[in-house]
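A.B. asks: sequence-free structure coming up:
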């Protein structure tokens, strides 16, 4: 008998809490973007720290997006949003791009992709 | 020469990003509360997992609150909100209480304390 | 200029190493399965530890699968294996099922799904 | 019923163990200081590693200090040491300073602040 | 050119700091022991938490012991203390025993083994 | 009553699963080696990331090797392979060398040491 055997609606959720929020990925992506906007001024030790922290924040974006994708979204959502998998896949790859690049344009792209996902998330919540 | 030596306003911020948001602590606290609301129905393996996940979420609440307290807030904020330290201290202790207790009342108390902090945070942002 | 700007083949890889292996997810899934095969005999403290460790191993399966999916696989692979996204998504959800359930059948399902992914991985490596 | 409902003295302690020791923060701070004393000789790859490791050690200092502050100290201690909150807050900010700076003076300041806290800790233990 | 190429004495040290202290492993082992001394009184949720926290503390003991063994001790120490490897190996296995067992005797054994290692450590420091 | 009190064969195993595989350490060591083979071409931000990721991978090698050494191998194996402790100790130190050095020769040495351990592991499995 599994954790949600009497609560099928949560059957694929890792937490018993059912609490999900794209804001978690977005806040970390904002950090990535903010770091990138400052990096053009950074050299030496400062730049090393910025690269390290940007890497860490981008990794957290990937983590939070994966939780949303794998734990929150269900087959019925996929039927309604057939390109959902691809949107998440490309957002994760964009987060990796942000690890490789210091240009704010990369962080902005990531934010836009997360906003698209957040719009779908909000729509599924209304149902 | 430190990372923010030319940006004194961020002088005590761990990230060069300056991005902070009480939502991070609040989302985890919502998980704690949601787990507690379900726990009265959980026994056996389900309950073990709920205790583990509640512990994990409460720990994340403590982490996010500490970042806000130690990295975001500055001496000028303390002058304006002299009980800020105590509010954070009690919220951290309440997060620990949520590890020890299965009653949703404990999670609700934690959410209320985070909301008080979020109100102060919002006020300092306006300045 | 990103880390692989002169090595486009690695353009979306998080590590500069290009080393990926489904064995990482498979070994953790084997742990999950092995724990489940023993759980019917476990009660009390033993069972609590088994649940905790199974949770931890299943989480590692999810991590390793996500790295493969988001960092290794590229658009050209998707064209050849259009259901790749879905295979990963379902494998991640099955890893969550393994957190919720103590039956070895759940771990076996996860192993089978990883083996399917490993077969595709091997085929893409040959190209 | 919480973990310590029959042991009120531990009521706000996250661990059931009641074991706390400022030495944990101090040892990590010593690492930070030792790294800083060597950094003037480091360039290139060596310096990058020193910055990374200093960051990591300083983060551990912050973690151990927060555990002491939020889990060990109780209201009765605050009454006796009204500036305890501020001492911890400034020590956490100094740990962040040590992430930003390569000068041993910063690490020494952190060690001094931890020693002040350790003195208070020792006094509360005697009671 | 490695980080310590001009400082051969630290040639095998992971941190540039050269700061090591068996106290780190001992403090975590004290937590394990303290949890075990309380466990006979714990049932239900309390016991689940105690098992989880004991597991976590025992894992930290293993981590700190491994750092001492692999990073601090050098070939010259092995010559003088030929059973050093075995002492560490058995201490790590005892830490695992403490994960499996709730009896304080197991934690006490672990503490005794760490104290033996600490005595050797102190002797090597004197040289 | 410990987790394996009725299953003495697993008495020193941290996981109830009994699943161990040197492949885990080997895959991470391959990453270290692959990063080192590319590092001669890396400068600036790229090199910083390579150093960071190499550090991380080498740390994982150390973790996986320690698990094998402390959790899998038993006294009877030591009798048959008296230099087993030393092989692991030197492999851990070589993993640290790989953190300090950018030359692929260091990563190759680490791979060779892991292969030696894997050969012994395979032999013990056959028994």
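C.D. replies: Arrived safely. Since the model is a prediction, treat every value here as computed from it, not as a measurement.
A.B. asks: quick check: residue A:107 touching residue A:98?
C.D. replies: Yes: with contact defined as Cβ atoms under 8 Å, residue A:107 and residue A:98 form a contacting pair (5.5 Å). C-beta: built from backbone N, CA, C; applies to glycine.
A.B. asks: in chain A, which residue sits closest to chain D?
C.D. replies: Relative to chain D, the nearest point of chain A is residue A:48 (4.9 Å; Cβ to the nearest Cβ).
A.B. asks: before we move on, which element is the residue of chain A found nearest chain F in?
C.D. replies: Minimum separation of chain A from chain F (Cβ to the nearest Cβ) falls at residue A:51, amounting to 4.8 Å. Residue A:51 belongs to helix A:44-67 when assigned by DSSP states H and E.
A.B. asks: anything in that helix near chain E?
C.D. replies: No: in terms of Cβ under 8 Å from any Cβ of the partner chain, no part of helix A:44-67 sits within range of chain E; the closest distance is 14.3 Å.
A.B. asks: buried stuff in that helix?
C.D. replies: By 16 or more other Cβ atoms under 10 Å in any protein chain shown, the buried positions in helix A:44-67 come out as A:45-67.
A.B. asks: picking that back up, could you find the closest non-adjacent residue to the residue of chain A closest to chain D?
C.D. replies: Sequence neighbours aside, residue D:51 is the residue nearest to residue A:48 in space, at 4.9 Å (criterion: Cβ to Cβ, 6 or more residues apart in numbering or on different chains).
A.B. asks: so what sits against both of residue A:107 and residue A:98?
C.D. replies: Common neighbours of residue A:107 and residue A:98 (criterion: Cβ atoms under 8 Å, 6 or more residues apart in numbering or on different chains): A:29, A:32, A:36.
A.B. asks: what about residue A:112, how many neighbours?
C.D. replies: 12 (other Cβ atoms under 10 Å in any protein chain shown).
A.B. asks: same check, this time on residue A:71
C.D. replies: Around residue A:71 there are 19 residues (other Cβ under 10 Å).
A.B. asks: ok, residue A:94 touching residue A:106?
C.D. replies: Yes: with contacts counted by Cβ under 8 Å, residue A:94 reaches residue A:106, the gap being 7.2 Å.
A.B. asks: for the residue nearest the centre of chain A, list the residues it contacts.
C.D. replies: Nearest to the geometric centre of chain A sits residue A:65, at 3.2 Å (Cα atoms, centre = their mean). Contacts for residue A:65 (Cβ under 8 Å, 6+ apart) come out as A:25, A:88, A:91-92, A:95, A:114, A:117.
A.B. asks: list just the nearest of the residues you listed to chain E.
C.D. replies: residue A:25 (27.4 Å).
A.B. asks: list of residues touching the helix or strand harbouring the closest one?
C.D. replies: Using DSSP H and E, residue A:25 sits within helix A:23-39. Helix A:23-39 is contacted by residues A:47, A:50, A:53-54, A:57-58, A:60-61, A:64-65, A:68, A:95, A:98, A:101-104, A:106-108, A:110-111, A:114-115, A:117-118, B:7, B:15-19, B:21, B:23-24, B:27 when judged by Cβ under 8 Å, 6+ apart.
A.B. asks: centre of the chain to that helix, how far?
C.D. replies: The chain centroid and the centroid of helix A:23-39 are separated by 11 Å, computed with Cα atoms, centre = their mean, to the nearest Å.
A.B. asks: for that helix, give the mean pLDDT please.
C.D. replies: Mean pLDDT, helix A:23-39: 97.
A.B. asks: and the angle for that helix with helix A:44-67?
C.D. replies: With axes from the mean of the first three to the mean of the last three Cα atoms, to 10 degrees defining the directions, helix A:23-39 sits at 160 degrees from helix A:44-67.
A.B. asks: which residue packs closest to the residue nearest to the centre of chain A, ignoring adjacent ones?
C.D. replies: Residue nearest to residue A:65 in three dimensions, not counting chain neighbours: residue A:25, with 5.0 Å by Cβ to Cβ, 6+ apart.
A.B. asks: can you pull the residues of chain A lying near chain D?
C.D. replies: Residues of chain A lying near chain D (Cβ under 8 Å from any Cβ): A:45, A:48-49, A:52.
A.B. asks: farthest pair within these?
C.D. replies: Farthest pair in those (Cβ to Cβ) is A:45 and A:52. Separation: 10.7 Å.
A.B. asks: shared neighbours of these two, anything?
C.D. replies: residue D:51.
A.B. asks: okay, and for chain A, where does confidence drop off?
C.D. replies: A:1-17, A:127 (pLDDT under 70).
A.B. asks: so what's the residue count around residue A:33?
C.D. replies: Using other Cβ under 10 Å, the number of residues around residue A:33 comes to 22.
A.B. asks: so who does residue A:55 touch?
C.D. replies: A:99, F:49, F:52.
A.B. asks: closest to residue F:125 among those?
C.D. replies: Of all the contacts of residue A:55, residue F:52 has the smallest distance to residue F:125: 35.3 Å, by Cβ to Cβ.
A.B. asks: mind listing what that closest one touches?
C.D. replies: A:51-52, A:55, D:48, D:52.
A.B. asks: pull up the distance across stretch A:64-82, start to finish.
C.D. replies: 21 Å (Cα to Cα, to the nearest Å).
A.B. asks: now that stretch, how far from the chain's geometric center?
C.D. replies: On Cα atoms, centre = their mean, the centre of stretch A:64-82 falls 12 Å from the chain's centre.
A.B. asks: what do you get for stretch A:21-29?
C.D. replies: 6 Å.
A.B. asks: one more: stretch A:90-108?
C.D. replies: Mean C-alpha position of stretch A:90-108 versus that of the full chain (Cα atoms, centre = their mean) differs by 12 Å.
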